Every structure is written in structure tokens, then in C-alpha cells.
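# just coords:
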Ligand code: HEM
Ligand code: HEM
Ligand code: NFV
Ligand code: SF4
Ligand code: SF4
Ligand code: F3S
Ligand SMILES: [Mg+2]
């Protein structure tokens, strides 16, 4: 999908001779003897690993932590054999200006052929200075690196939706990536964090099939985000039967009944937890007794308590939910109707009296 | 240009060349560091800046306290869970909730699992490249590497020459591809790297082995909390019910899961004992004369303590991780620490990008205020959005400056180990004595960059042992017929008082962590976190005391000022977490 | 009483609601009742049932009933639309309130006065009175359309991304509201709008039957509007 490094150099008018000279320099820079030159040249003439710039904005790094938990493929194999992780401030050896220089080098060498993976998001308040990289607002780095990228991967709920730092009142105006970068294909891989194997699968899908996975309307790969937790939850028979956990650690909890009444957001959450599960298929939230909190959904942080089945509605500073609003309204209407009925009856009685 | 003495004993001289490292990499989050070096390349002034802020304390206001763990947990995905545990403890403290014994054991297993995992990953994947040169590993003789491996850790089975040759070939192919990925632009020709090629190859091999292994450890937390990072927690206990023999036992923690946890605990202990500790000692042995980076570790250290043996007792005597404070290097006296005392823990902001109504005075976290205020000092070079050089005489960091009785304190594994050593904590004393003897160094060697790194390794080892202890305890309690995991007496908001305040604490991998909250009318009225990296990464305070990072960098000689490997070494020895520090 | 009524002749009875409309009304009323009841208990289920999951299907039946009634409601509305074209003039009233007619608003105003016990007598209509038309159009018709659209969007989540329900509804409705949970919330809220409508509607139907100048409930059963006096019939359009 990318042209090789050699191709790029040729395109830029560099002769084969200077190309070989470059290889010699590379070899000596790495402390390798001249014997390595032909092999470096050979590698560069063949297909390069696709360069990835993994940028970090306002985040908690749980997406990276999740990534390294991948069992199939191992994170090690992704980094050593599949992609070229040129920039990732949590893992890279270099720091400071040498680290920043890599972004420029990658842009120069691989214009249009590298991927920007974003973990976290840019804050826009205070001129972006709630997240500073190299003395400048992160949003600048994001825009700059994205400009010549082939595509962008938005890792996790931060990059895809904003996550907890975007929760009300979002003091830093943390903004999801697609609201800042509007002219590039963006693959959203939401979840807080996303499942490790889902992350590596997205990467390997791109490499294996040399195309981007099919996305839904919200830009998420359909292969992992087209069904709700609830659709494939192993506790679903208890839901259908009407068997629920009513309290933490009650008999129903010990029997593994449905967590709907404990606020489980499985019915409204698109993710692969109930099928792929977590940590190499070890478990997932519901399996370990806690409801889904909807961590891969837009705005999961501002819908009221995670333990309420009904969403909290905040209007005019009053906290409520659909039933409380509705029952109050119905109560008022009912009472008004009853009052109207009473007045009507009285009037009618008087009227009858009049007629007599 | 100025020279001045800080009250905590450092001479700051900013006359020399200013060196800027931004971003500081291989840490969690965003950080900047500036130092001045004199003509001998010795650091004479150090400035550390936290360069991110998300405002979780502001965001938490008005929310349901039972949800707070999920928000605070997302302060950090690296020490994932420690904020959540701190949070549920704070809420339980406020509402007077007692948790069942099993919940205490399970929480401890989760917290200890984090300690073991976080330390291991830090050592290999964030810190190792400060000491280990992967490019140099290409020159190693696999046979000699195999011999070295058998010598430093005879029990580790992956030690054949063929094994090391395979790894070496893999690295070779990788390097020859010309795409060095994360190893690109490293300082591989810097003479600060001292390991022989065989040691480099062994360490690089274990970098990869550890990367594969670490994910196994966290399966424990997936079983108990449903996933990792960011497992689930519960005010009043733990969300995972236990059902070892009744109907539908597949719905809770059952014999299969318990066995799986047991197996992982044993494998973790083996890996730490046979790989991590031997590597640590081998590397430390070669660098043992590089004794920079002590900072304030030999003077002021602080720990809240953690890992309550029995449920609901947070007194020092019941905490298996040491609690206390040491001042001015006086190991003979360990002070008591009271998180509720308004005069002990306070946060200041004169050099932080926040404002207090009364600018200078420190505030106890129960009275804490988080009001962002980004402004640069007059001596800043560059502009508001293009900082070339920061002005440390004004506000210069998103990190607040916490102080204990007015002192800047170091927290973390080394602080805990120094306090434990001073208190005569049995396991800790034994571990420290073993290391000092093996490396043949005096106890003062602890107060250094390497000492910090060593303490972390020892703590990982200790944590893995305690995981076994609590697993056995859990099983014994189940055998005795107690399988309760949650107390729901105060779950309903109707049972809560109108006003309540509480504090919760843990010893996070990076040090002492506390959450203070007020509950009013069932909602969070105020929430303040004072976090390990807030302590260590603290900017200067009103009196001019420098924080632990800055102090540790002072007086270090660097080989090449433009290749900041020594700065990275010392900063990394704290395992900085910036998302945590500013939250 | 102001009397701008211009229809000069009056009859004791007029055939207003043809059979299909009446049939629809009662099926529709039944469907909505079922939908509201089952919907409420989907959101706040009954206490847990003992025994094996395979012994019960309570939520399953509730949901099945909800969805069946949902289909009936939706198909009924389609049919009602068809009938609005095919049926008599009264069949179109629900869909086309004459919002630009002064006479209509005058009628609304009079009706409000009548309910506020200010007017001594209601006017006399063959079809719905203007206030009824207004509330039926806005509170009932649009709410029901909203419920069908959001209901099918939720339903499509279960039938999957490849189903027509998903493609026609879920695919755009869910992102429009933000996420699935918000669709649930709105679907739930608008149920209460309908509940309020029904309370008033049933009360008014009975009240008018007794107190107005024409028959009501029997009209929705037999189709025939009986008048209690021989004065002129009012009309709401110009
Ligand atoms: C779920 C419950 C109900 C709903 C949603 C409902 C809805 C409607 C609607 C939309 C119309 C207008 C029909 C049209 O123009 O096509 C209507 C008319 C009518 N409904 Fe209902 N209805 C319900 C229950 C009832 C009940 C229980 C009664 C009897 C007590 C009733 C009595 C009537 C009458 C008498 C009319 C004719 C009103 C008139 O001519 O102005 N409805 N209803
Ligand atoms: C007057 C009409 C309707 C009423 C009053 C009604 C009421 C409700 C209520 C109260 C809920 C629970 C919402 C929550 O999660 O809080 C619900 C859920 C639902 N409704 Fe309706 N609904 C109506 C029409 C429909 C229609 C036409 C459909 C389409 C088939 C439909 C499909 C659904 C579905 C799929 C759910 C979600 C069920 C689940 O979560 O298991 N509804 N409805
Ligand atoms: N500092 C810090 Fe943490 C830790 N350990 C939390 O409390 O890393 Ni993210
Ligand atoms: S999406 Fe969630 S997990 Fe990922 S960085 Fe953001 S807060 Fe952490
Ligand atoms: S536990 Fe949650 S996802 Fe599973 S069936 Fe119940 S409501 Fe659905
Ligand atoms: S909380 Fe998140 S991890 Fe999965 S089960 Fe729910 S989407
Ligand atoms: Mg704080």
C-alpha cells in the first residue's frame, strides 16, 4: 500500500548511488559494519512496515495499557513485525527534540502513507494549553501530524467521544478528534479502554487486507461494534425470564442473574465485550458481577448514576428521570381532570336546579 | 541569572546553559523538564513542569458518590484501580460503611496485582532503555549470553544459546529494516550506556519476555473486576459475588476462577524472582557507582500505608505496607501521619497554574479548591502558546504543590522502603539487607536513582508474596463458611446523612494517594485528590522549597547535555505519572 | 352565544365515522394501552422469579407483546393514512387541522371557554371540535409517529444492522439522539405524553357525551352522530 523507502527516494530524484551511500551511513550510525549495507538496501527496496505516529492528548494511557495486553497477536509482534511505531511518547527511547524530530522525518519520508493513531483528545480552551507537548498546544501537533496522514485511528472513548474529561462541565473543552480533523478518514475504536484484541485486530486487518475495515455511520468498525453487549450476553436468558439481581451479593447475584436492575448498560452499548471478552477472553464486566457502564458509548459519563436503569434528566437544575417526569405530569393532568370533573358535576347540578 | 538557597537545602544556579526536554517520554502523560548545566555539565538548576490538566475534581462535583470510583479510576490507566479503591474507601469513610472480610482480601489482591504489574512494566518497558542499549545487543555472543543468564538466574528455563540467537536475529532483522520504530533516535552511542553486549542482549530478551508475561498478571483483575485496565469496583465491597458450590456457580467467583488466580499468582512470583530481580541486580551491579539522584529521599519521605490485613481497620498496626513520615533524614524517628489534620497535608499553588482566593496559604484537601489559572511569568522565552523556556519564578506547572507540615516530601516505593526499614518491618528489612549485601554497597546507596529503582523491584516481589497470603486468606474464610462480598446496608441514598465528609487512601505504585470528599444532599460537594506524582513532581512552594523530581536532578553530571539520558534515568526512577499528578 | 354558523339545515343524526375508522380507533386504543403497560414494565421489571431461567419467559413475553402491539400500532397508522385518503371528510380531520382558518381558532377559543366554564354552551360539530382536532393532531398523532420511529429504531438494534428496521430507523435515529440510551429515554418520556393525552381524552369523551350537544362514545361505536338539539351545526373551516 505504501511505496518503499527506496521508491520515495527515487521519486525525490535521488540516485541509486546516493541511496547506497545513505544505507552505508545508516549502517555506520547504527554501529553496524559495511557487510550490512546490502541488507539494509534490500530491506528498504522492499515493502516497508507502515509507519505509525501514536499521539497522546488528554488521556489516562489506558488505551496503551490495553494494547500491550493483546494476546493474539502479541503486542510485541505488532511492534516488531507489523507496523513501524515511529512515535509513541509512552514507549519510545528518545525524548525531547530528538523525539519531536521523528514526526518531521516521518512526514517527510512517508507523506500520505503513514497512520496517525490518537489516544486521548485535544483540549481547546485556554488556547489548547491544557495539554502541552514541546511547549505548544497538543492540538497543533495533532493537526500537523494529521495533515499528511493516510488515515487516523481514534483509540478509545477519549479520542472517539471525549471520555471523562469531556464530562460536564468539560472545563478544558476536551474535544474528540473528528471534530478537529475533518478531512481525513477516521476509524473510531471506542471503549474505555478498547479491548486489546480489538485494537490489534483493527491494525492487522488494515495490514492483511490492505484496506480499512467497513465502518458504521459513526465510524466504528462494524466487525466489533455492530452489536450490543446485551445481544450476546450470556446472562440474557435470565433477562428474558425476568430473573434479576436485586441487590449486590444477593442470591440472584450469586446465581449470575441479569444485572439490568443494577443499572447494566448492556442493552444500549455497542461493543464486543460479551463475545470477545477481555484479557484474552478471561472475563468481561458482567461476567464478574458488575453491570456494563457503557464505556464505549458517546456521553456515557453524563447520563446519571451508573447504577440507575433510567437515565437522569437534568432540566432547570432539577434532577429527575423519565418516570418521575412522566408520573408528575400524569399526576397533574389526572388531578386537574378530577377537579374539572368535580366542578362539572357541581355546575350540572346547579344547572339542573335552574331548569326546575 | 541568580543563585539561591532553597529552605530544603539545594543551591539553585540558573547561570549555566539551559537544556529543555519536552516531551519527557517513557512516562505516563505529558511533562517538561528544564535544567541549567554548568561548564562541567553538572545540573545546577532543575525545573519540572506538568503539562496537562483535565479537571476531574471540577467534573466530580454534583455527581453520585457511588459513581466517583469510575471517574477517578480514569484519572490513570497505568495505575488503574488505585484511584478507584481510594475513592470507594473515601465514600465508605464518609458514610460509615463496613465491608466484608472477603471484599478486603479481594481488594488487596487487586491492589497488590497492580503493584506487581505496574512495577514490572515500568522496569522493562519504561525504564530499561535508560540503562540498556538494544543496538549494542547485536554485538553479543549468544553463547556468552546464555552463560550469563545461567549465572544470574539458574532457575529461569529460557536460557539456551539458541534462544538468545533467535532473539538476536529478530532484533537484527528489525534493525536492518532501517525502521527502528520506538528505538529510533535513541542515544545509542552515548558512553553513559555501560552494559556489556551480553547483558544488553539478555535485558532486551527479557524486555520482550516481560511484555508477553505482564498481560497474564492482569487476568487476575479481569476475573475479579471484569476487565483490565479499568476493572469494576463497588462502594460497600466488591461487585464479584462468590459461589463455590451452589446453583449457578458459574455466575460468580467459583473454583475454576480461584484456581486460575492461584496459578497466576505463582507464575508472577516466579517471574519476578527469576527474571526481574536478577536483571535488576545485574544491571545495578554494573551501574552501582552511578549514585546520583537521591534528591530528598534521604531527608523527607512520606507514606500513608496500605493493604489492611483485616477489613475496615486502617490503623498503622493493621496496614501491611508501612505508614509514617521521616523528616531531615532522621531514620530514628518515624512520625505519625494524620490525613484529617488540617495542619498536616496542604496544597499550595503559588507556582502552579491555579488560583486560590487567598493566593499563598496552603489548603487542606477538605477545604481544597481547584480553579485553573494559566499564566506565564515575565521571563518566559517564547510566547503563551510556544514556550521556549519557562519562567520558574512565576506559575509554571499544572501540578499543585502538596506539603506535609510544610515540607516537600518524596513518596513511592523508596519512601515506603525507607520508612519500613526505619520501623524494622521484617520483610522489608530482610529484602534491603539482601540487596545491599549482594551489591556490596552501604545503606546510603539507597538514596539514589538506582535505590529508587531497586526498591520498586523489591516491592514487586513483596507484593507478589502478599497476593499469595490474601488468596490463602480468602480460601480459608470461604472454608469457614463466609462468602459475603458486599454490604448493602447503606447503598440506598435515603440512608445517608445530609452532610458527610470522608477520606480514603492507598499506597499507589508511585506512592501515597489520598482522596478527600464532601457529600451534601447525596451528591459530591467537593472532591480533592492528592496524588503520588503531585507530591514528587511538585513545583516550588511559597517558601521556595523544590519538589522531589527537581531535587533529584540537582548536581547530576550528564555526559552529553543534548542527549538527556541521565535526566531520563532519574525522572524515570520515580515512574512519573502526569495524568495522575494533575488529574 | 355568538352565532356565525352558516349551515342552515340540521339533522338529528349524521353518519360521520365509517367502520374502518372506528375499527382502527379501538384497535389503536388497545395497542397503545398494551404498549404503555408493557413498556413500563420493560423499563421497571417485576420482582425476580425463582427457579430456572428456562422455566420462565416473563420479560420475553412482555417484550413480545410490546413489539406485536408496536407492529399493530404502526400498521394501523399506515392503514389510517390510507383511509384518510379513501374515507369521508371526517377521516381527514385528524391529519389536517385547518391551522390557517380564523374560524378554527375562534372555535378553539370557544372550546377553551366552554371547558373553563365561561361559555354556557359548547358549539355543535359533526366531526371533532376544534380543540379536540388540535390536541389529537399534535399530542396524539405526532407522539404516535415519534413512538413508532423511536420504537422501530430500538427494535432494529435487536434485529441487527442488516435488518430493514435498523437501516430505515436505527441507523439515523440513534446518532440523531446521541446514543441508544437517549433514544430509550425519549421513547419513555413520550409515553407519558400519550398517557396524559389519554387521561384527558377519555374524560372529555365521557363528559361530552353527557354535557355536549351531540353524542360521543356511541359515535365511535356506531359511526352515527346524534344531536341533542335542532340548532345549526358549526363548522371549523371557512
Ligand atoms: C389508548 C386510548 C385511546 C386513544 C389513543 C384514542 C385516540 C383517539 C383518536 C386519535 C381519535 C380521533 C379519531 C380520528 O379522527 O380518526 C379518537 C376519537 C375518539 N375517541 Fe379515542 N382514543 C383512545 C381511547 C378511547 C376511549 C377509551 C374512548 C371512550 C371512552 C374513546 C372515545 C373516543 C371518541 C368518542 C372519539 C371521537 C371524538 C370525536 O368525535 O370528537 N377513545 N380517539
Ligand atoms: C405508544 C406507543 C409506545 C409506547 C407507550 C412505548 C413504551 C415503551 C417504554 C416505556 C419502553 C421502555 C423504555 C426504557 O427503556 O426506558 C419501551 C421500550 C421499547 N419499545 Fe416501545 N413503546 C411504544 C411504541 C413502540 C413501537 C411502535 C415499537 C416498535 C416495535 C416499540 C419498541 C420498543 C422497543 C424495541 C423497546 C426496547 C425494549 C427493550 O429495551 O428490551 N415501542 N417502549
Ligand atoms: N502518581 C500516580 Fe498514579 C500511581 N501509582 C496514582 O495514584 O499513576 Ni498513574
Ligand atoms: S478512552 Fe478512557 S481508557 Fe482511553 S485514555 Fe481515555 S480515559 Fe483512558
Ligand atoms: S446483564 Fe446486562 S447485558 Fe446481560 S442480559 Fe442483563 S441487561 Fe443485558
Ligand atoms: S462497561 Fe465497557 S468494557 Fe464492555 S461491558 Fe460495558 S462496554
Ligand atoms: Mg488535586
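Nice, thanks for sending it over. Quick caveat, the model's predicted, so the values are computed rather than measured. Ligands and ions are numbered 1, 2, ... in the order given.
# Are the helix or strand where residue B:43 lies and ligand 3 in contact anywhere?
Using DSSP states H and E, residue B:43 falls within strand B:43-50. No. On the criterion C-beta under 6 Å from any ligand atom, strand B:43-50 is out of touch with ligand 3, staying 10.7 Å away. From N, CA and C alone the C-beta is placed, and that goes for glycine too.
# That strand: partners in the sheet, and parallel or antiparallel?
strand B:31-37 (antiparallel) (DSSP bridges).
# Now do the buried residues in the strand it pairs with.
Within strand B:31-37, the residues that qualify as buried are B:31, B:32, B:33, B:34, B:35, B:36, B:37, counting by 16 or more other C-beta atoms under 10 Å in any protein chain shown.
# same question, stretch B:239-254
B:239, B:240, B:241, B:242, B:243, B:244, B:248, B:249, B:251, B:252, B:253, B:254.
# got it, and stretch B:528-543?
B:528-542.
# same check, this time on stretch A:298-308
A:298, A:299, A:300, A:301, A:302, A:303, A:304, A:305, A:306, A:307.
# likewise stretch B:520-528?
For stretch B:520-528, by 16+ other C-beta under 10 Å, it's B:522, B:524, B:525, B:526, B:527, B:528.
# any bit of the longest helix along chain C sitting next to ligand 1?
With secondary structure taken from DSSP state H, chain C has its longest helix at helix C:180-211. Yes. Residues of helix C:180-211 are located near ligand 1 by C-beta under 6 Å from any ligand atom, namely C:198, C:201, C:202, C:205, C:206.
# what's the closest of those to ligand 4?
Taking C-beta to the nearest ligand atom as the measure, residue C:198 is the one of these closest to ligand 4, at 44.2 Å.
# May I ask which helix or strand encompasses the closest residue to that closest one other than its chain neighbours?
For residue C:198, ignoring the flanking residues on the chain, the nearest one in space by C-beta to C-beta, 6 or more residues apart in numbering or on different chains is residue C:32 at 7.3 Å. Using DSSP H and E, residue C:32 falls within helix C:19-43.
# Next, the angle from that helix to helix C:180-211.
Angle, helix C:19-43 to helix C:180-211, by axes from the mean of the first three to the mean of the last three C-alpha atoms, to 10 degrees: 130 degrees.
# For helix C:19-43, give the mean pLDDT please.
Across helix C:19-43, the average pLDDT comes to 98.
# returning to that earlier point: among the buried residues of stretch B:528-543, which are in reach of ligand 1?
Applying C-beta under 6 Å from any ligand atom to these, none is adjacent to ligand 1.
# Filter those residues down to the ones in helices?
Short answer: those in helices (DSSP H) are B:532, B:533, B:534, B:535, B:536.
# which one among the residues you listed gets closest to ligand 4?
residue B:533 (16.3 Å).
# circling back to that earlier point, the helix or strand just after the longest helix of chain C packs against which elements?
Proceeding N to C from helix C:180-211, the next assigned helix or strand is helix C:217-222, under DSSP H and E. In terms of contacts (3 or more C-beta pairs under 8 Å, 6 or more residues apart in numbering or on different chains; DSSP states H and E), helix C:217-222 is packed against helix C:19-43, helix C:180-211, strand C:224-226.
# Output these in CSV; the columns should cover mean neighbour count and distance to residue B:129.
Output for those, formatted as CSV (neighbours: other C-beta atoms under 10 Å in any protein chain shown; distance: least, C-beta to C-beta, whole Å):
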stretch, mean neighbour count, distance to residue B:129
helix C:19-43, 17, 54
helix C:180-211, 19, 44
strand C:224-226, 18, 89
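# could you give me the average pLDDT of the top helix by length along chain A?
Assignment by DSSP H gives helix A:322-355 as the longest helix of chain A. The average pLDDT within helix A:322-355 is 89.
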